[in-house]
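1. could you look at this predicted model? Sequence included:
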Amino acid sequence: MNKTYIPRLREIYEKEAVPKLKEKFGYKNSLACPRLEKIVINMGIGEAKEDPKIAEKAKRDLSLITGQVPKICRARKAISNFKIKKGTIVGCAVTLRRKMMYEFLDRFINVAVPRIRDFRGFNPNSFDAQGNYTLGISEHTIFVEIEPDKVDKTFGMDITLVTTAQSKEEARELLKLLGFPFRR
């Protein structure tokens, strides 16, 4: 009984979303259907230039949320208007693929999003020309992995869902079939 684990959202994609996408857009092959390629999560921590401990806290929190160690991003060149020197820590980022990606998206949609105050849905027009969707979150404390009592500073994050869709309509339909909560 060597059964491999398949994330719940991946099963929904294969069993429900692919047939509906094939029917709606007329794909002949299921491999031609758009799918999630990766999820990139970026957390800007500009305050780290004054206090380096903030970068460590952001890195720890992002690794708790995603289950993967984030990469520390440094400034490529100095910007005097923002008082940033070359090599200063400005953020941290994680790229999730395969099972980790589906697990994160499932937890995000079903657990974290309902915890957002006054949530009415995400903007359905935030797609770029290639069919990728980017959204911003102002507080990282919506994730259950973070204990709000132990948080000194809240961080915002950008989440980009990279798809193989050829158009905005295909990507919007894909995310809608996966249960993504768009505004009406």
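-> Good, I have the coordinates.

2. quick one: contacts for K22?
-> 28, 30, 33 (C-beta atoms under 8 Å, 6 or more residues apart in numbering). C-beta: built from backbone N, CA, C; applies to glycine.

3. could you dump those residues into a markdown table and include distance to I54 and pLDDT?
-> Putting those into a markdown table (distance: C-beta to C-beta, whole Å; pLDDT from 0 to 100) gives the following:
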| residue | distance to I54 | pLDDT |
| --- | --- | --- |
| K28 | 52 | 85 |
| S30 | 46 | 81 |
| C33 | 42 | 85 |
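
4. relative to R60, which of these is nearest.
-> C33 (37.5 Å; C-beta to C-beta).

5. separation between that closest one and Y5?
-> In this view, C33 and Y5 are 23 Å apart by C-beta to C-beta, to the nearest Å.

6. I116 now?
-> I116 is 29 Å from Y5, where distance means C-beta to C-beta.

7. okay, these two: which has more neighbours?
-> I116 (14 against 7; other C-beta atoms under 10 Å).

8. what's near enough to touch the residue lying closest to Y27 once chain neighbours are set aside?
-> In this structure, Y27 finds its nearest non-sequential neighbour in C33, 5.4 Å apart by C-beta to C-beta, 6 or more residues apart in numbering. By C-beta under 8 Å, 6+ apart, the residues touching C33 are 17-18, 21-22, 25, 27, 174.
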